[in-house]
Structure formats: structure tokens, C-alpha cells
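**Student:** quick one: sequence and predicted model below, then my questions.
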Amino acid sequence: MKYPVFELTARSESSAEIEFHAEPELIWFDGHFQNEKILPGVAVIGFLLHCMKEFLNMDLENHPYTIQQIKFNAAIRPDMHLKLEIKGITNEEEGGRVNFSLTEKHEGKLCCSGRLKW
């Protein structure tokens, strides 16, 4: 499976909160790493873009974007329950930006955060 089941838990004009379970069957865990499975950063960005399209009607598929900042604080492992927060969205004629964070749902531990610009 490519994507987990995403559940929109809160939404406003410029933000969204989405919860999901990092199921062990996600293809992203295959081969990354063999002895200690960790969700790769490219998957986090893919999940962010998918959720922006699905829940905020923002499709960046055909727009170039830059990862202005990304910081990984903790590994994302199979079976973790996570909350993706998308906030600070601006979408102006000359471009836009979005801030995001991914936290472990039960303990509130920050796994990663960052900002995209397009």
C-alpha cells in the first residue's frame, strides 16, 4: 500500500490536522532499512502533498516547489499513530508556502517539521 488511511480531524481556511496509522504494510518501509524499518523523508513529503490535494484542494503536482526547511527529530517506525499538521498556508499570485509538522499522536513527540515554498 502506498498511502495510509488519512483522517481529517480539523480544518480551517489556512490549516488542517490529519491523523493516520503508519501501517507496516506501507511500501515505504520496504528496504529502508532492512533491520530497522524507518519511514523515509520522501514519503513524509509525499504524504504532505497528498493531504494538501485531498483535504485542502491544493495540487502542487505540476508546480515546482522547494523544501525550504525540514528537520527530523525522531524516526517514524511501523505502527506509529501520527498527526500531520498543515498550517500557515499562503497562496499568493507570486507563490505560496506551507508549514507542517508530524507528531506521534499519543505522546505528542515531534517527529519532523518543515516548510515548502512554491
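**Tutor:** The structure has been received and is ready for your questions.

**Student:** quick one: contacts for Ile67?
**Tutor:** Neighbouring residues of Ile67 by CB atoms under 8 Å, 6 or more residues apart in numbering: 45, 114-116. For the C-beta atoms, the positions are set from N, CA and C on the backbone; glycine is no exception.

**Student:** may I ask which two of those are separated the most?
**Tutor:** Ile45 and Arg115 (11.5 Å; CB to CB).

**Student:** overlap of the contact sets of those two?
**Tutor:** 67, 70.

**Student:** longest strand in the protein, please.
**Tutor:** Longest strand in the chain, counting residues (DSSP state E): strand 81-92.

**Student:** same for the following helix or strand past that one, what does it pack against?
**Tutor:** Counting by DSSP states H and E, the element after strand 81-92 in chain order, helix or strand, is strand 95-104. Packing partners of strand 95-104 (3 or more CB pairs under 8 Å, 6 or more residues apart in numbering; DSSP states H and E): helix 41-56, strand 81-92, strand 110-117.

**Student:** out of those, name the one with the poorest average pLDDT.
**Tutor:** For the helices and strands packed on strand 95-104, mean pLDDT drops lowest on strand 81-92, to a mean of 91.

**Student:** ok, residues contacting that one?
**Tutor:** Counting by CB under 8 Å, 6+ apart, 6, 9, 14-22, 47-48, 51-52, 56, 58, 76, 96-106, 111, 115 sit against strand 81-92.

**Student:** ok, it: who's next to it in the sheet?
**Tutor:** Each strand paired with strand 81-92, and its direction, by DSSP bridges: strand 15-21 (antiparallel), strand 95-104 (antiparallel).
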